[in-house]
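[1] For reference, the sequence and a predicted model appear below.
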Amino acid sequence: MPSPVLHFPRFPALLAAAIALAAFLAPTGATTPPAKAHVVVGFRSQAALADALARFPGAEIVRRVPHMRTVEIEFDGDPRGFSSQPGIAFSHRPLLRTSKVEPALAAIFRPGVPYEWQYIATRVNEVPEPVLRAASAIKIAVIDTGADVTHPDLAAKKPETWDIVHRRPNVADKDGHGTFVSSLAAGSVTNNEGIAGFGGDAGLMMMKAVGKDDSFSDVDEAAAIVYAVDHGAKIINLSLGGEGTSKLEERAILYAASHNVLLVAAAGNEYQEGNPIEYPAAALQPVGSKGQGGVGLSVGATTLSGKRASFSNTGSQISLVAPGEHVFGAVAARSSRAWWPRYALPGSLAGLYGWSSGTSFSSPEVAGAAALVWAANPALTAQQVAGILKATASGHGAWNPRLGYGLIDVAGAVAAATGQPIAPRVQAGAWLSVQRLHARAARLAGPDRSLRRVRLAVHLRTSAPTVAPDWRVLSLELRRGRQWRRIARTTTRFGGGIHWTVGLRPGRHLLRVVYRGRWDLHGAVRLKPIRVTK
C-alpha cells in the first residue's frame, strides 16, 4: 500500500499560518510543565548537602529519612548529577517495591481440613498458653498498604498506626493487602471471633507506607523501618519487594539490626517469570549465604502439603518457608471483591474473611512465630531467634535452595527456645478402608447371567490434618492367578469416599484397592477377600 501523501496549501501565507498553528498544538510540552525528577541522595554532612543543592537551582527537599542522612529531592534536571558532588555518598532514583501477593480467586475449603489450615500445619496450635500470653511484651510492626482497624481480629489488638508518607495516624486500607498480612502476623487469639494470628498476644504496629500512585519505594520502606525501630518494634514484617537494592535500604536494615530488631521479608512470587532475586529479602539473607548468617529471614511459600508453592522464588537467599498458597485471613471491608473474595466463616459474627496466596503471607506467619520464640525466652537476640526458627524447621538442619531450612515448626521452635524436648511433627500418611456392603442374590442383566452384584464402600484416609484425601484416583483390582487385573478406577469425592458396584461370579475372590500415591501423599493398598454365593 502506498504511503499517504500530505497536501499543503499553495499560498506561502497560509502555509506559514498552518505551520505556526501545528507548532502551537503539537505535544511538545510547551503548554504543560515537564514532570519533575525525584532523586534519593545520601550525604555525609548537612553542609555538603547544602552545597550540592546550591548547584541545582529549583531543587527542593520533599522527604527526609531520620538517622539515615538521606533525603528525597524533587527538581528539574538529570538526577545523575548529584553523585559527582563533594560530600554526597550516593544518589539514585527511588526503587519500586510491590506487594508479594498472588490472589486466590476460588475457595479451597475441603471437609475435614481447617479453614485456617496454616495454623495447624506449622503447629502454632501446640504452643503453650503461657507463651501466647507472654508475647504481649513483643511488638510486631507491619509495613504495608495499611489496615482495616475496624476488623474484629485487628481491633481487639488496639494497634498503633502511622502513615509514614502522609505523617498521620489514619491507615485506612483500600488495597486489602496490609489487612490480610496483619491478621496473619498478629490477629487476636482471645476475641472469640474469626481467625487466630501467629503471634499470640503480640502487639501490632501498622505502618502504612503507600506513596504516590499507591506504590511503595525504598524511601517509604526505609522511613517506615526507622520509625518502627524508634517506636519499640522488636520484629518488622516486609511483605514487599523488587529487583535491586539501594544504599538507603541497606542503611535502614543495618539500623534495625543494630537495635536488635528482627526483620522478616517475603522472598518473592516470580519463580515462573525468571526467578529473580528480590530485595529487601536478599539483603536480609544474602545471596550465596545458603541460609547461613544474615541479619533477618527471607521467607518462601509452601502448599498445604508442605511442598514449595509453584510461584515461590528459590535460591541461595532463601532462609526457610511457611504456608503461602491458599491461606486464610482477614479481608478489609474497602478492598476489591475481585482481588479479595469473601467467604462465610462458620461461627463468625463480624468481619470478612477469605483465602489468598503469596510469599506476602508466609512472611507474617514467620514474624508471628518469632514473637512466640522471643516470648518463650526474652534473653535471646534477634539473630538467635532467627537461628532457632531455622534449626527447628522441617529440614532438621539441612538447607536446600527450594525450601531453605524447611517449613517452620512453631511449637518446636518455642520448645527449643526454652530447652524443652521437641515433639516430632506428624508426617502425612495414607490408609484405606474397604467394607463389603452386600452381594445381592439377583443376577446381573446381560449375556453372563452367572454374575452377582457386589457393592463396596471404600475410604481413603490421611493422618496429617492439612492433607486432604479428596480427588484422589483409586483402583479396584481382582486377583487372577498370579496377576492383578484392574476392574474399576474412580476418583474420590469430598471426604475421600467411593462406592463401587461390580459383577463377580459365585466363589471366593481376592480384591485390593490401590492408591498409587502422589507428590504430597504416599501410596496405600488394602486387600479384601470376598465370597460370593449362588
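    All right, it came through fine.
[2] does the closest residue to Leu240 other than its chain neighbours sit in a helix, a strand or a coil?
    Of all residues not flanking Leu240 in the chain, Arg97 sits nearest, at 4.6 Å (C-beta to C-beta, 6 or more residues apart in numbering). Any C-beta I mention is one placed from the backbone N, CA and C, and that applies to glycine too. Taken by DSSP: H, G, I helix; E, B strand; the rest coil, the conformation at Arg97 corresponds to strand.
[3] I am assuming Arg97 contacts Ser239, so please confirm or correct that.
    No - here Arg97 does not reach Ser239: they are 10.2 Å apart, not a contact under C-beta atoms under 8 Å.
[4] Same drill for those two, tell me which one is more crowded.
    Taking neighbours as other C-beta atoms under 10 Å, Arg97 and Ser239 compare with Ser239 leading, 30 against 24.
[5] Tell me how many other residues surround the closest residue to that one other than its chain neighbours.
    Leaving aside its chain neighbours, Ser239 sits nearest to Ser360 (3.8 Å; criterion: C-beta to C-beta, 6+ apart). Neighbour count for Ser360, taken as other C-beta under 10 Å: 32.
[6] And the pLDDT for Ser360?
    pLDDT recorded at Ser360 is 96.
[7] Surely Gly42 and Glu249 touch.
    No - taking contacts as C-beta under 8 Å, Gly42 lies outside contact range of Glu249: 11.2 Å.
[8] Next SSE downstream of the helix or strand hosting the residue nearest to Ser239?
    Using DSSP states H and E, the element containing Ser360 is helix 359-376. The helix or strand immediately downstream of helix 359-376 is helix 382-391, counting by DSSP H and E.
[9] If you count neighbours, what's buried in that following helix?
    Ala382, Val385, Ala386, Gly387, Ile388, Leu389, Lys390, Ala391 (16 or more other C-beta atoms under 10 Å).
[10] Identify the residues contacting Asp218.
    Contact analysis of Asp218 by C-beta atoms under 8 Å, 6 or more residues apart in numbering lists Val40, Pro94, Leu95, Arg97, Thr245, Ser246, Leu248, Glu249.
[11] which among these gets closest to Pro57?
    Val40 (19.8 Å; C-beta to C-beta).
[12] And that closest one, how close does it get to Glu243?
    Separation of Val40 from Glu243 (C-beta to C-beta, to the nearest Å): 17 Å.
[13] next one: Ala137
    In terms of C-beta to C-beta, Ala137 sits 37 Å off from Glu243.
[14] Quick one: end-to-end length of stretch 424-431, please.
    20 Å (C-alpha to C-alpha, to the nearest Å).
[15] Tell me which residues are up against that stretch.
    Counting by C-beta under 8 Å, 6+ apart, 123, 305, 394, 409, 412, 460-464, 467, 469, 515, 517, 520-524, 526 sit against stretch 424-431.
[16] ChimeraX command for the buried members of these?
    Per 16+ other C-beta under 10 Å, the buried members of the contacts of stretch 424-431 correspond to this ChimeraX selection:
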select :123,305,394,409,412,460,462,464,467,469,515,520,521,524,526
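[17] Secondary structure and pLDDT for the contacts of Asp218 - can I get that in CSV?
    CSV is the format used below for those (DSSP: H, G, I helix; E, B strand; the rest coil; pLDDT from 0 to 100):
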residue, secondary structure, pLDDT
Val40, strand, 88
Pro94, coil, 83
Leu95, coil, 82
Arg97, strand, 82
Thr245, coil, 93
Ser246, coil, 93
Leu248, helix, 94
Glu249, helix, 95
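[18] now, which of these sits nearest Thr150?
    Looking across the contacts of Asp218 and measuring by C-beta to C-beta, the closest to Thr150 is Arg97, at 26.7 Å.
[19] His177 is in contact with the residue nearest to Ser239, correct?
    Yes - using C-beta under 8 Å, Ser360 is in contact with His177, at 6.7 Å.
[20] who does Ile530 bridge with?
    Ile530 forms beta bridges with His509, as assigned by DSSP bridges.
[21] now the helix holding Ser360, how far from the centre of its chain.
    Relative to its parent chain, helix 359-376 has a centroid offset of 12 Å by C-alpha atoms, centre = their mean, to the nearest Å.
[22] Setting the sequence-adjacent residues aside, check what's closest to Ser83.
    Residue nearest to Ser83 in three dimensions, not counting chain neighbours: Ser91, with 4.7 Å by C-beta to C-beta, 6+ apart.
[23] Please determine how far the one you found is located from Val71.
    Taken as C-beta to C-beta, the span from Ser91 to Val71 is 10 Å.
[24] Equivalent analysis for Val113, please.
    51 Å.
[25] and if you look at Val473?
    For Val473 relative to Val71 (C-beta to C-beta), the value is 62 Å.
[26] quick one: which of the two has more around it?
    Neighbour count, other C-beta under 10 Å: between Val473 and Val71, Val71 has more, with 19 against 13.
[27] what residues are up against that one?
    Neighbour list for Val71: Val40, Val41, Phe43, Leu49, Ile61, Arg63, Arg64, Val65 [criterion: C-beta under 8 Å, 6+ apart].
[28] Mind checking which of the residues you listed are buried?
    Buried, going by 16+ other C-beta under 10 Å: Val40, Val41, Phe43, Leu49, Arg63, Val65, out of those.
[29] so which strand or helix has the fifth one?
    Arg63 is located in strand 60-65, with elements delineated by DSSP H and E.
[30] Please apply the same query to the fourth one.
    When secondary structure is defined using DSSP H and E, the element that contains Leu49 is helix 46-54.
[31] For that helix, which residues meet the burial criterion?
    For helix 46-54, using 16+ other C-beta under 10 Å, the buried residues are Ala48, Leu49, Ala52, Leu53.
[32] Then stretch 424-431?
    In stretch 424-431, counting by 16+ other C-beta under 10 Å, buried: Arg425, Ala428, Ala430.
[33] partner residues bridging the last one?
    Ala430 has these beta-bridge partners by DSSP bridges: Thr462.
[34] Distance check, it against Gly517.
    When Ala430 is compared with Gly517 (using C-beta to C-beta), they lie 7 Å apart.
[35] again with Gly199
    Taking C-beta to C-beta, one finds Gly199 at 36 Å from Gly517.
[36] Likewise for Ser356?
    Relative to Gly517, and taking C-beta to C-beta, Ser356 is found at 29 Å.
[37] where's the residue nearest to Ser83, which helix or strand?
    Following DSSP H and E, the helix or strand that holds Ser91 is strand 88-92.
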